[in-house]
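S.K.: no sequence on this one, just coordinates:
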């Protein structure tokens, strides 16, 4: 499935609305839903939101510790597509928002800096990363920014992008 900026905005809006509706505001809330490696999911119309936990062990400091993922999933089985994913690794404080769109979106960069990785529908895999005190709230703010159109397309497929976003303090893990 090919995702335009309008699709990403709509999906991000559905994502934010669904998380608000079930009270997902902090990383602790995500951890509660991610009980097992498979995690729990809930429906958003025909789509669903999934929660997953992984314990990472790597030689790279940013890839160690508890990692939580929250994904917006469209379709089932071999037709499944994940246009937006939030990932937070609490111990080193790394937060990421991954998305797939048919053009680069401001504030996002290709996952691989030297080559754009595209899916079969020609969506570019891209991300926004906060690797210094990255929190779930930062990722949620990035998602909200997508939903209200703060981010826009770059005019060129190979345009450079920059990160950004803010972090809002809350009690518990963020």
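M.R.: Thanks, I have the structure now. Quick caveat, the model's predicted, so the values are computed rather than measured.

S.K.: going forward, measure contacts between C-alpha atoms and count neighbours the same way
M.R.: Noted.

S.K.: so what does the helix or strand hosting residue 128 touch, helix or strand wise?
M.R.: Using DSSP states H and E, residue 128 maps to strand 124-130. On a contact count with 3 or more Cα pairs under 8 Å, 6 or more residues apart in numbering; DSSP states H and E, strand 124-130 meets strand 94-101, strand 109-110.

S.K.: Assumed residue 2 was part of a strand.
M.R.: No: secondary structure of residue 2 (DSSP: H, G, I helix; E, B strand; the rest coil): coil, not part of a strand.

S.K.: pull the helix or strand with minimum mean pLDDT from the protein.
M.R.: strand 41-44 (a mean of 85; mean pLDDT, DSSP states H and E).

S.K.: Could you identify the helix or strand that succeeds that strand?
M.R.: strand 47-56.

S.K.: What is the subsequent helix or strand relative to that next one?
M.R.: According to DSSP H and E, the helix or strand after strand 47-56 is strand 65-74.

S.K.: Give me the contacts around that following strand.
M.R.: Applying Cα atoms under 8 Å, 6 or more residues apart in numbering, the contact partners of strand 65-74 are 11, 15, 30-31, 34, 46-57, 80-92.

S.K.: and with 7 Å instead?
M.R.: 15, 47-57, 80-91 (Cα atoms under 7 Å, 6 or more residues apart in numbering).

S.K.: could you check the angle strand 94-101 makes with it?
M.R.: 20 degrees (axes from the mean of the first three to the mean of the last three Cα atoms, to 10 degrees).

S.K.: Partner strands of the following helix or strand past strand 65-74, with direction?
M.R.: With elements assigned by DSSP H and E, the helix or strand that comes after strand 65-74 is strand 81-89. Using DSSP bridges, the strands paired with strand 81-89 are strand 65-74 (antiparallel), strand 94-101 (antiparallel).
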